[in-house]
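Visitor: Sequence plus the predicted model coming up.
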Amino acid sequence: MLEGLLIGLQTALSVQMLAMVIGGCLIGTFIGMLPGLGPMSIIAIMIPVAISLGDPAAALILLAGVYYGAIFGGSTSSILLNAPGVAGTVATSFDGYPMAKQGKAGKALTIAAIASFCGGTIGAILLMIFAPMLSSVALLFHSAEYFALMVVGLSAIAAFAGTGQVAKAFMMTTLGLIMATVGEGTLFSLPRFTMGIMDLQTGFGFITLAMAMFALPEALFLVLRPPSTSANSDGEIKDLRITRQEARAIAPVIGRQSIQGFFIGVLPGAGATIASFLGYAVERNIATKDEQDQFGKGSIKGLAAPETANNAACTGSFVPLLTLGIPGSGTTAILLGALIALNVSPGPRLMIDEPQIFWSVIISMYIGNLVLLILNLPLIPYIAKILSVPRNYLIPFIMFFTLMGAYIGQNNATELLILVGFGICATALKFADYPLAPLLIGFILGGMLEDNFARSMQLYDGISFIWERPMTLGLLSIAVFLIVLPSYRAHRARARRAGIADGD
Amino acid sequence: MTLDRWIALILLGLCCAYGYAAWFTMDDGLAPFMRRNPIWPSTFPKILSILGIVASGIILFGLEKNEQKIGDIDYRRLGDYHIWQAIGLLGLMVVYAICLRPLGFLGATFGFLFLGSTILGERKWVVMTIVSAIAAGVVWYLVSQVLGIYMRPLPSLLGG
């Protein structure tokens, strides 16, 4: 590990990489602050830039920096405007916005920055400990286990989608997998489902799909219903300091939520949103009666808990990506797509084959968190000025960058028409409350899932690999369990509400 | 029928068409040596078509009960939102895609940003012109000169 750390330090501390981290954090904070734009959209917009860098380590460091920056920026708009840019920072606004209304916006931002820094840093330490452990286990996996593991990942994403949403998330995952089969696969070298259209020969463009699924619908939602940016947007942000007493009060919260958030982030499909809400709920439950009354009215503990948890969860979500090559969230799915485009296959061999990428990403997490704390925080009063840019100028720019992202990736104007078409479909899906992240995750994992499935079928001359390999059988059983359990629990809850006893 | 079930119906049709292609048409041209393989190019799509049909059927027939919740935007009251602005901007994106090559990057981008602001109700013509012109120029410089991705700056008529 020490050797790896040194390699990581050597790579990440070069001038170019430091510029990537700082640039990524600043860009992420800038755009993440805009209400309605989440990290997935921002990363999708930044992918062509990252890919054109040519260096996978630099690309991943830039995108990771953008990711942390976007989460931090989202917290800022949650606190100042009560308009979270990201779902993961909704819980931040519960106490952050009341603090801002009481004239403590500066203090709230400092607490958010410190909590984010600690959550991210402790998360990075945990990542450093657990990722190599998981990698060494994953090296024992064969294609059958990989196939089963991906099925577990995809099932978990559907299972965590929420009550009444499992079928929709499952449908979206399947749709993503279906879309991944369009074009010429590597395994068979045969065009499939192209309908004779030449542009579909290489399949759908991942960047176009990412833009269409996230950036365009979010921009259209901003047009349809402009967020209310009434209070505090022009208010001066001052007094960024916190007292020793306040620091002492939030320290245990930060410690607990860093660990809890990290492990929630590792779970596929759970991510920063669940981590932040759960963190808030846990801290509220264990607080004293007086402190509980303060929650929702400007409690510093209520602000520190979700902020720590969402940053730790963001770091945690890198564990399955870097060790298994399986993204657990939409954002890490986009990062995986970018890495594949750069000819890097994340997985257990990443640590062995490309240690400089693996370790420099981890080191960049520390640096990124540090940059957010010491560079972004003092700059926040100035960065927050972007919130006063009129929507009439901002939205055309967001749409233009969405178009540019799709165009630069393929240099093909047809891609722009596909983007608009998919964007309209994605907006309709969003109206009907279909989750879009599972579609993209399914699309990105589709090729790998089919390759591993085909390899296992060929090795075992049929589907006997499912029962001949106990680990595969175990993993697939978990996948079935994950899909069936939420539906069963929802059914039981309904039956109970209807007055029918268990077992009836 | 609610929108999510209409969408499920469309997805069901899509999965049926996909399944039909996978089950009945894809294997026609398969080489004899490939037929001896345990896996065919159609194997995975066949499984996916079944999964897709089952999932869309569950949503369509409401087998998984869920509470109707209204998200950020209630699609039943689209008229209350700025729907025409959204449609106008989508149309503008299509026009941009079509005009990008013939008009060149600078002209098309300037037009997109200027008209985009106009659609959204901005009427400060001078500011809009300056902002759009500077943005188009700066982005073109960054993409083509810094990132090294060639984009035709001027209309093809002018030899750009």
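Guide: Nice, thanks for sending it over.
Visitor: Point to the residue nearest the middle of chain A.
Guide: What sits nearest the mean C-alpha location of chain A, by Cα atoms, centre = their mean, is A:Thr331, with 3.4 Å.
Visitor: Return the residues in contact with that residue.
Guide: A:Pro39, A:Met40, A:Ile43, A:Tyr67, A:Cys314, A:Ser317 (Cβ atoms under 8 Å, 6 or more residues apart in numbering or on different chains). All C-beta spots, glycine's among them, are computed from the backbone N, C-alpha and C.
Visitor: Repeat the analysis, applying 6 Å as the threshold.
Guide: Residues near A:Thr331 by Cβ atoms under 6 Å, 6 or more residues apart in numbering or on different chains: A:Pro39, A:Met40.
Visitor: and it, backbone torsions?
Guide: phi -70, psi -50 (degrees, to the nearest 10).
Visitor: Which pLDDT value belongs to it?
Guide: For A:Thr331, the pLDDT comes out at 81.
Visitor: Return the residues of chain B in contact with chain A.
Guide: With Cβ under 6 Å from any Cβ of the partner chain as the criterion, chain B comes near chain A at residues B:3-4, B:7, B:18, B:38-39, B:41, B:44-45, B:48, B:51-52, B:55-56, B:58-59, B:64, B:66, B:71, B:73, B:75, B:81-82, B:85-86, B:93-94, B:97, B:100-101, B:112-113, B:116-117, B:120, B:122, B:147, B:149.
Visitor: What's the separation between the residue nearest to the centre of chain A and A:Ile42?
Guide: Between A:Thr331 and A:Ile42 the computed distance is 9 Å (Cβ to Cβ, to the nearest Å).
Visitor: cool, and A:Phe72?
Guide: 12 Å.
Visitor: ok, now A:Ala479?
Guide: 31 Å.
Visitor: Next: B:Ile98.
Guide: B:Ile98 is 27 Å from A:Ile42, by Cβ to Cβ.
Visitor: Give me the domain ranges for chain B.
Guide: Annotated domains of chain B cover B:3-72, B:93-158 [automatic domain parsing].
Visitor: I'd like to check what contacts the top helix by length along chain B. Which residues are they?
Guide: With DSSP state H applied, the helix covering the greatest number of residues in chain B is identified as helix B:83-103. Around helix B:83-103, the neighbours that count as contacts under Cβ under 6 Å, 6+ apart are A:220, A:223-224, A:413, A:416-417, A:420, B:108, B:112, B:115-116, B:119-120, B:155-156.
Visitor: Output that helix in CSV with nothing but the alpha carbons.
Guide: Below are the C-alpha coordinates for helix B:83-103, written out as CSV (Å, rounded to 0.1, in the frame of the first residue of the first chain):
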residue,chain,number,x,y,z
ILE,B,83,-44.1,25.0,-22.2
TRP,B,84,-43.8,27.1,-25.4
GLN,B,85,-40.4,28.4,-24.3
ALA,B,86,-39.2,24.7,-23.8
ILE,B,87,-40.6,23.7,-27.2
GLY,B,88,-39.0,26.7,-28.8
LEU,B,89,-35.6,25.9,-27.4
LEU,B,90,-35.9,22.3,-28.5
GLY,B,91,-36.8,23.5,-32.0
LEU,B,92,-33.8,25.8,-31.9
MET,B,93,-31.5,22.9,-30.9
VAL,B,94,-32.8,21.0,-34.0
VAL,B,95,-32.2,24.0,-36.2
TYR,B,96,-28.7,24.4,-34.7
ALA,B,97,-27.9,20.7,-35.5
ILE,B,98,-29.0,21.2,-39.1
CYS,B,99,-27.3,24.6,-39.6
LEU,B,100,-24.0,23.8,-37.8
ARG,B,101,-22.2,22.7,-41.0
PRO,B,102,-23.7,25.1,-43.6
LEU,B,103,-23.5,28.2,-41.3
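Visitor: surely A:Gly347 meets A:Thr323?
Guide: No: using Cβ atoms under 6 Å, A:Gly347 is not in contact with A:Thr323; the gap is 7.4 Å.
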